[in-house]
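Q: task: produce atomic coordinates for the following.
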Amino acid sequence: MHTIIRLPNDVFAPYTSITTNILFFDNNGPTEETWFYRVDMPEGYKHFSKTKPMKIEHFADVEKWWNNREEICIDGAYKSKKFTAKELSEDKVSAANGGLMSGFNTDQVDEAFFKAANKLEDGKMTKEPVKDSKGYNVILKVSSAEKPKLETVKDNIIETLAEEKLNASSSAFNDAWYQIRKKYNLDIVDTDVKTLYKANYEK
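A: Here you go, the predicted model:
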């Protein structure tokens, strides 16, 4: 996102008074800096209406500024200013990297964000903003990490599945040990442990 143009209030009156911005994007990579420009109410206008709408000539100053950008501050308020991605982002994880994220999963981002990112091809951007619990996101997939071979992650997968199984059932651990003892005909030698086991676990 390289440019934000803030339109005057009531630009869509009488239908809505919501503040409106025009956002400009390109496919040149992650956002590093974004220009902001505020379009003020034209001289002679108090507000827009159906009979007195905003016109193309009201963008004349924007056109002049577009190819010769500079920061403009009037009475302590910025009409035009350049922001870095770090300054604009509320995401403390990706802001320091200009919005670039890597190696994330559903424990770190919403499922909607994760699915939208995975569907994209490298170098492609979402056609519509993706809504998650934090707001709306425009996702550009820079590249895909190479999938690891099964042999290198097999042990981690087994460990994760085992943990999920144990978390899903409080008796899973005891059931597993019962099956192992039964299968291999294992006996408990210690009398106290054997008594406790029979009282609580043996079926």
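Q: list the buried ones in the helix or strand of the chain with the lowest mean pLDDT?
A: Ranked by mean pLDDT, DSSP states H and E, the weakest helix or strand in the chain is helix 85-88, scoring a mean of 72. The neighbour-count check on helix 85-88 (16 or more other CB atoms under 10 Å) flags A85, L88 as buried. Heads up, the C-betas are built off the backbone N, CA and C, glycines and all.
Q: what do you get for stretch 116-127?
A: Those would be A116, A117, T126, for stretch 116-127 by 16+ other CB under 10 Å.
Q: please tabulate these in a markdown table, including the columns pLDDT, secondary structure and distance to K64.
A: Output for these, formatted as a markdown table (pLDDT from 0 to 100; DSSP: H, G, I helix; E, B strand; the rest coil; distance: CB to CB, whole Å):
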| residue | pLDDT | secondary structure | distance to K64 |
| --- | --- | --- | --- |
| A116 | 90 | helix | 38 |
| A117 | 88 | helix | 38 |
| T126 | 86 | coil | 32 |
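Q: name the nearest of those relative to A13.
A: Taking CB to CB as the measure, A13 lies nearest T126 of those, at 30.6 Å.
Q: now for the closest one: which residues touch it?
A: T126 makes contact with A116, L120, N137, V138, I139, L140, according to CB atoms under 8 Å, 6 or more residues apart in numbering.
Q: tell me which of the residues you listed fall in strands.
A: Of these, the ones assigned to strands by DSSP state E are N137.
Q: mind putting the contacts of T126 in TSV, distance to K147 included?
A: Shown next, in TSV, are the contacts of T126 (distance: CB to CB, whole Å):
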residue	distance to K147
A116	19
L120	16
N137	24
V138	26
I139	20
L140	21
